[in-house]
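>>> from the sequence below, what's the structure:
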Amino acid sequence: MKKMISAGLLVGGLILLYFGFQEQQSLGSEVEEFVTGSPDSGAMWMMIGGAVAAVAGLVGIIRK
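As a prediction, the model looks like this:
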């Protein structure tokens with residue numbers, strides 16, 4: 001059961017990383033970064049959350 005939850009976290013984290021990267025590369029995000037000088041916070045939070053979930057899932061799968 002724990003392995004299934006860990007696999008779900010890993011897949012969900014990878015999906016969040018993908019969509020966060022796509023959002024960061026979007027035209028709207030590029031314009032906002034050009035105007036304000038800082039990257040889009042929504043894209044950053046998606047990437048941070050995705051990374052944390054992916055690492056937690058990976059650790060859960062690897063651990064005995």
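
>>> tell me the contacts of the spatially closest residue to Val52 that is not a sequence neighbour?
Closest residue in space to Val52, ignoring its immediate chain neighbours: Gly13 at 7.1 Å, by C-beta to C-beta, 6 or more residues apart in numbering. Every residue, glycine included, has its C-beta placed from N, CA and C. Contact partners of Gly13, counting by C-beta atoms under 8 Å, 6 or more residues apart in numbering, are 49-57.

>>> whichever of those end up buried, select them in PyMOL.
This is how PyMOL selects the buried members of these, with burial counted by 16 or more other C-beta atoms under 10 Å:
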select buried, resi 50+53+54+56+57
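
>>> nearest to Gly20 among the contacts of Gly13?
Gly20 lies nearest to Gly50 out of the contacts of Gly13, by C-beta to C-beta, at 5.7 Å.

>>> which strands and helices sit next to the host helix or strand of that closest one?
Assessed by DSSP states H and E, Gly50 sits inside helix 41-62. Applying 3 or more C-beta pairs under 8 Å, 6 or more residues apart in numbering; DSSP states H and E, we find helix 41-62 packed against helix 2-24.
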